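Visitor: I need the structure of the sequence given here:
(one chain, ligands or ions: 2)
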Amino acid sequence: MFTDKTRIYVKAGNGGDGAVAFHREKYVAAGGPDGGDGGKGGDIVFLVDTNLNTLESLRFKHKFVAQNGENGKGGKMFGKSAADLIIRVPRGTLIRDADSGLIIKDMSDFEPFILARGGKGGWGNRHFATPTRQCPRFAKPGIPGEERDIILELKLIADVGLVGFPNVGKSTLLASVSAARPKIANYHFTTLSPNLGVVSLSDERSFVMADIPGIIEGASEGAGLGHEFLRHIERCRLLVHIVDISCAEGRNPVEDFVTINRELSDFSEKLASCPQIVVGNKCDAVTDEEKVSEFRKYILGKGFEYYEISAATHKGVKELTETLYEKISTLPPVSVYESEIVKEDENSYAGKSNDISIKKPEPGLYIVEGEWLLRVMRGVNFDDYEQLQYFQRILRRSGVIDRLVEFGVEQGDTVCIYDFEFEFVY
Ligand SMILES: Nc1nc2c(ncn2[C@@H]2O[C@H](COP(=O)(O)OP(=O)(O)OP(=O)(O)O)[C@@H](O)[C@H]2O)c(=O)[nH]1
Ligand SMILES: [Mg+2]
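Guide: Ligands and ions are numbered 1, 2, ... in the order given. From the prediction side, this is the model:
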């Protein structure tokens, strides 16, 4: 079973709660608040692992929850931050939002990607001591970690993709030029899932070749193995269209060629417009010379580059790999999908202030909470002046400031929004 699509739920760890504690020591009277901060929850991090070729390892595990940060303790002790949870995926995995289907990230490079951020730990009560509030009996809870339902979809990354009818010798070619060992046999649909192989030429030149199951007429309507494997070659830089010119199965090479191209264009515009080289295979076993020369003429007439090889006896194979290498070095690199998630801008928060709650635990202190605020805050770096201003604009546009005024906040009062605290000024 080849797993190339799966749905999972991820949740980053919650931040630990801040502690409420007071310093107690012999001979030290009124030692003051010393509750430590909670630790940060673990992030959910995705990482490309080149040893993986499928999403098989995620087939039976659908829930990934990172650990929570520890709570703070008395004596100014910080809670321990939790370790990140790393999910390893094959190169070329697309992370999509499960509800909208939009691409969040294309895991095609080796940079770790943080999909869900762990919550920050809450502040312990020692942060809240002021000249007028010397004995703060509250601390902040940790911020919950982000959670998401996502779909992982593998779109393999290869430079060259082999396409053609079943049994034309695609796997034989891959096996003869790389260390890959796909199953080869004289019947249709021997290959049931994509195979990748690294084709190494001399002087460290190499490229990646992908072999996918054979395509037949009507694949786009589900005939044979259907066309779903075509997505694994959708981002190839070059397609090698293999046609059996031995005509041993009684088919006509020209018809085969036309049929496959029709299926490719029915699948996607992108595949149809991908550069293509045509290879006539099994030239060692040609039964009908006339059909072969008719095919050759047809292909050259259409303006394609055309090669004849025998994957079984290796005739013409070395030359073909050299040509493929030359050709792909002139082509653009493997395409990477951009994130389709649109970043919300300041104006999209207008009227959101209905979804917040305001509490007043003691005079002069207001605590504002709201799921959407939390989301915004995770993306804001409060040490950066511009980002701070951006956040303040959101507070204004969304109506949070107006709500605070309605609630009775006065000049100089303290307002806490999770781990962001400010003195209220009009
Ligand atoms: N005579 C001859 N036979 C070949 C050549 N290349 C492949 N074959 C044979 O053709 C048959 C099919 O080869 P495969 O490589 O499994 O074909 P495939 O295109 O991968 O087929 P599917 O996986 O079913 O789509 C096998 O019996 C091969 O030995 C060739 O150059 N000459
Ligand atoms: Mg095969």
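Visitor: measure Asn347 to ligand 2 for me?
Guide: Distance from Asn347 to ligand 2, counting by C-beta to the ion, to the nearest Å: 54 Å. For glycine as for every other residue, the C-beta is placed from the backbone atoms N, C-alpha and C.
Visitor: Secondary structure element holding the residue nearest to that residue when sequence neighbours are not counted?
Guide: Residue nearest to Asn347 in three dimensions, not counting chain neighbours: Arg397, with 6.6 Å by C-beta to C-beta, 6 or more residues apart in numbering. Taking DSSP states H and E as the definition, Arg397 sits inside helix 385-398.
Visitor: List the contacts of Gly122.
Guide: Shown in contact with Gly122 (C-beta atoms under 8 Å, 6 or more residues apart in numbering): 15-18, 37-38, 72, 139-143, 419.
Visitor: got a pLDDT number for it?
Guide: pLDDT for Gly122: 86.
Visitor: now Val400
Guide: Reading off the model, Val400 has pLDDT 88.
Visitor: With the one 10 residues further on instead?
Guide: In the prediction, the pLDDT value recorded for Glu410 is 86.
Visitor: how close does the nearest residue to it once chain neighbours are set aside sit to His241?
Guide: Using C-beta to C-beta, 6+ apart and skipping residues adjacent in sequence, the residue nearest Glu410 is Phe424, 7.1 Å away. Separation of Phe424 from His241 (C-beta to C-beta, to the nearest Å): 69 Å.
Visitor: More neighbours: which of these two?
Guide: Remark: of Phe424 and His241, His241 carries more neighbours, 22 against 16, as counted by other C-beta atoms under 10 Å.
Visitor: contacts for whichever helix or strand the more buried one is part of?
Guide: His241 is located in strand 238-244, with elements delineated by DSSP H and E. For strand 238-244, contacts defined as C-beta under 8 Å, 6+ apart pick out 159-165, 167-170, 173, 233, 251, 253, 256-257, 260-261, 264, 271, 274-282, 295, 324, 327-328, 331.
Visitor: Going through the contacts of Gly122, which ones are buried?
Guide: 15-18, 37-38, 72, 139-143, 419 (16 or more other C-beta atoms under 10 Å).
Visitor: Let's have these in TSV, adding secondary structure, pLDDT and distance to Ser246.
Guide: Shown next, in TSV, are the buried ones among the contacts of Gly122 (DSSP: H, G, I helix; E, B strand; the rest coil; pLDDT from 0 to 100; distance: C-beta to C-beta, whole Å):
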residue	secondary structure	pLDDT	distance to Ser246
Gly15	coil	91	67
Gly16	coil	93	69
Asp17	coil	91	73
Gly18	coil	89	76
Asp37	coil	91	74
Gly38	coil	92	71
Gly72	coil	92	75
Ala139	coil	84	79
Lys140	coil	82	75
Pro141	coil	84	73
Gly142	coil	87	69
Ile143	coil	86	67
Asp419	coil	76	71
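Visitor: I'd like the residues you listed as TSV, with distance to ligand 2 appended.
Guide: Putting the buried ones among the contacts of Gly122 into TSV (distance: C-beta to the ion, whole Å) gives the following:
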residue	distance to ligand 2
Gly15	51
Gly16	54
Asp17	57
Gly18	60
Asp37	59
Gly38	55
Gly72	60
Ala139	63
Lys140	60
Pro141	57
Gly142	53
Ile143	52
Asp419	56
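Visitor: Show me the shaky parts of the chain.
Guide: 1, 343-346, 426 (pLDDT under 70).
Visitor: who in it is up against ligand 1?
Guide: 166-172, 184-186, 188-191, 213-214, 281-282, 284-285, 310-312 (C-beta under 6 Å from any ligand atom).
Visitor: Let's see which of the residues you listed end up in strands.
Guide: Judged by DSSP state E, the residues of the chain next to ligand 1 include Asn281 as members of strands.
Visitor: Buried by neighbour count, from the residues of the chain next to ligand 1: which ones?
Guide: 166-172, 184, 188, 190-191, 213-214, 281-282, 310-312.
Visitor: quick one: the helices in this protein?
Guide: Secondary structure of the chain (DSSP state H): helices at 170-177, 253-267, 269-272, 289-301, 317-329, 371-378, 385-398, 400-407.
Visitor: Of all the ones you listed, which one is nearest ligand 2?
Guide: Comparison of the helices of the chain against ligand 2 by C-beta to the ion identifies helix 170-177 as nearest, at 3.1 Å.
Visitor: which helices and strands sit right next to that closest one?
Guide: Packed against helix 170-177, as judged by 3 or more C-beta pairs under 8 Å, 6 or more residues apart in numbering; DSSP states H and E, are the following elements: strand 160-163, strand 195-200, strand 206-211, strand 276-281, helix 317-329.
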